[in-house]
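**Student:** Quick one, structure for this:
(one chain, ligands or ions: 1)
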Amino acid sequence: MNIKKIKPFSKPIYITRPILPDLKKITFYLKDVWKSQWLSNNGYQHKKFEYKLKKYLKVPYLSLFNNGTIALLVAIKSLKLSGEVVTTPFTFPATPHCISWNNLTPVFCDIDPDTMNINPDKIESLITKKTSAILAVHVFGSPCDVEKIQKIANKYNLKVIYDAAHAFGVKINGVGIGNFGDVSMFSFHATKLFHTAEGGALAFKDVKLKTKIDLLKNFGIKNEEEVVDIGINGKMNEIQAVLGQLVLEKVDDEMKKRKLLLDAYHNYLKDIEGISFLKLPDTIKSSHQYFTIRINEKEFGKSRNYIYDKFKKYNVFTRKYFYPLCSNYPHYINFLSSKKANLPVAHTVVNEVLSMPFYGGLSVNDIEKICKILKSFKNR
Ligand code: T4K
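**Tutor:** I've put the predicted structure just below:
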């Protein structure tokens with residue numbers, strides 16, 4: 001391949017770009033909000049959006065939040081946990097930080113070499129008398145082994161929380177991902193497939209949790225004269241709720257576009273020695289949130305970091321999600337569970353992963369060019 005022939009993209013290619021509804025439509029709906037002069041605190045748009053989203057996600061109960069991190073903080077608080085929570089080191093900082101903000105200790109468990117999710121076979125050995133929950137992440141939208149995790153939780157009487165920040169719309173055999181465990185958190189950040197600029201939600205099955213969680217996200221205020229819990233401000237406002245309803249109208253179309261791009265990536269990358277990627281089984285409906293490749297340096301001949309740097313010269317901005325491992329952050333590195341010897345798979349995977357540009361605004365030709373650039377690195 002003649003390397004000189006591949007020209008950089010004329011505009012920066014990021015890993016993602018948000019769905020943007022028509023501005024006229026947004027203005028149209030905002031007129032109602034302006035007329036009502038009601039901007040937050042469980043308004044009309046909030047109620048409508050919560051109802052629509054609950055139906056879309058096929059979950060029994062849902063509570064909207066101002067972002068995914070506050071939602072996760074409240075999820076943990078609502079379950080009255082104590083002591084230690086077993087979690088994954090291969091995630092965004094929000095996951096272990098929400099455990100720590102609740103005065104609990106994250107215990108890091110190694111990950112599965114294929115799915116990159118918490119390895120259920122490694123969880124039991126980390127359970128002590130202090131363990132009260134498992135906080136697992138559906139990394140890049142690929143579901144955890146929910147059955148095995150639930151079995152362990154039942155055996156040791158633990159709560160299960162899922163960080164489903166990447167798993168909007170994922171289904172396992174037709175069942176919405178928010179139906180597993182005690183509580184699942186979704187993130188609606190601008191970088192997510194489905195978004196409200198900033199935002200999030202909790203999904204759960206227990207009706208009692210609905211009252212508890214809605215209290216906790218509103219300072220614990222029961223009514224004008226009673227404050228019955230130590231709550232926080234986790235409320236989603238009316239403007240976010242309007243945006244969410246309009247993004248929801250476009251999300252299926254975005255997923256279809258991403259599916260075409262995913263097929264293109266699979267096609268162009270399938271025969272490159274040293275490049276691998278996860279293929280979900282037919283029983284899983286994907287979120288198409290991220291497309292992440294793994295680079296085996298020995299087989300490909302170049303490191304992940306080399307590829308990440310060189311892509312920039314072509315105006316392609318990939319991301320090393322989730323480097324560094326959370327267990328290597330200064331606040332966690334001295335934990336026993338953070339020892340490299342305890343997390344061999346996570347330590348390998350974190351140096352191999354690269355999240356590639358993946359959003360409906362790209363064309364199949366763009367993906368072909370990105371893959372050509374990647375292939376050209378091999379021969380340098
Ligand atoms: N748990 C997990 C597993 C998570 O991944 C996250 C968030 C959370 C919990 C917490 O949920 P939230 O509290 O955020 O709701 C981004 C996001 O800020 C973060 O939400 C997300 N995970 C994480 C994986 O990615 P950065 O620092 O990588 O984002 P940034 O600003 O570098 O954006 C990445 C690319 O996206 C940019 O290069 C261009 C594009 N972009 C970004 C923004 C903000 C846009 O095109 N438009 C935009 O408005 O963290």
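**Student:** What's the per-residue pLDDT of the one residue in the stretch 51-200 of the chain that gets nearest to the ligand here?
**Tutor:** Proximity to the ligand, evaluated over the stretch 51-200 of the chain using C-beta to the nearest ligand atom, is greatest for residue 68 at 2.8 Å. Placement of C-beta: from N, CA and C, glycine included. pLDDT for residue 68: 98.
**Student:** what sits opposite the residue lying closest to it once chain neighbours are set aside in the beta ladder?
**Tutor:** In space, and not counting its chain neighbours, residue 68 is closest to residue 187: 3.0 Å by C-beta to C-beta, 6 or more residues apart in numbering. Assessed by DSSP bridges, residue 187 has beta-bridge partners residue 200.
**Student:** and residue 187, how many neighbours?
**Tutor:** A count of neighbours around residue 187, defined by other C-beta atoms under 10 Å, yields 28.
**Student:** residue contacts, it?
**Tutor:** Going by C-beta atoms under 8 Å, 6 or more residues apart in numbering, residue 187 touches 67-69, 71, 165-166, 199-200.
**Student:** swap in residue 243?
**Tutor:** If a contact means C-beta under 8 Å, 6+ apart, then residue 243 has 21, 26, 195-197 as its contacts.
**Student:** try residue 277
**Tutor:** 265-266, 269, 291-294.
**Student:** Most neighbours out of those, which is it?
**Tutor:** residue 292 leads those on contacts (other C-beta under 10 Å) with 24 neighbours.
**Student:** Can you tell me the SS state at that residue?
**Tutor:** For residue 292, the assignment made with DSSP: H, G, I helix; E, B strand; the rest coil gives strand.
**Student:** Output the below-cut-off pLDDT ranges for the stretch 51-200 of the chain.
**Tutor:** Applying pLDDT under 70 to the stretch 51-200 of the chain flags no residue at all.
**Student:** just the residues of it that are near the ligand, which are they?
**Tutor:** Neighbours of the ligand within the stretch 51-200 of the chain, by C-beta under 6 Å from any ligand atom: 67-69, 91-92, 94-95, 137, 163, 165-166, 187, 189-191, 200.
**Student:** rerun that using 8 Å as the cut-off
**Tutor:** Contacts of the stretch 51-200 of the chain with the ligand, taken as C-beta under 8 Å from any ligand atom, map to 67-72, 91-92, 94-95, 98, 137, 139, 163, 165-166, 185, 187-192, 197-200.
**Student:** Name only those of these that count as buried.
**Tutor:** 67-72, 91-92, 94-95, 98, 137, 139, 163, 165-166, 185, 187-189, 191-192, 198-200 (16 or more other C-beta atoms under 10 Å).
**Student:** Just the pLDDT at residue 378, thanks.
**Tutor:** 89.
**Student:** Touching, it and residue 295? I think so.
**Tutor:** No: Residue 378 lies out of contact with residue 295 (C-beta atoms under 8 Å); the separation is 10.0 Å.
**Student:** Report the set of residues contacting both of these two.
**Tutor:** With C-beta under 8 Å, 6+ apart, residue 378 and residue 295 have common neighbours 274, 302.
**Student:** Who has more neighbours out of those two?
**Tutor:** Between residue 378 and residue 295, counted using other C-beta under 10 Å, the more crowded position is residue 295 (24 against 16).
**Student:** State the number of residues packed around the closest residue in space to that one that isn't next to it in sequence.
**Tutor:** Closest residue to residue 295 apart from its sequence neighbours, by C-beta to C-beta, 6+ apart: residue 304 at 4.6 Å. Applying other C-beta under 10 Å, we find 21 residues neighbouring residue 304.
**Student:** Among the buried ones among the residues of the stretch 51-200 of the chain next to the ligand, which lie within helices?
**Tutor:** 68-72, 94-95, 98 (DSSP state H).
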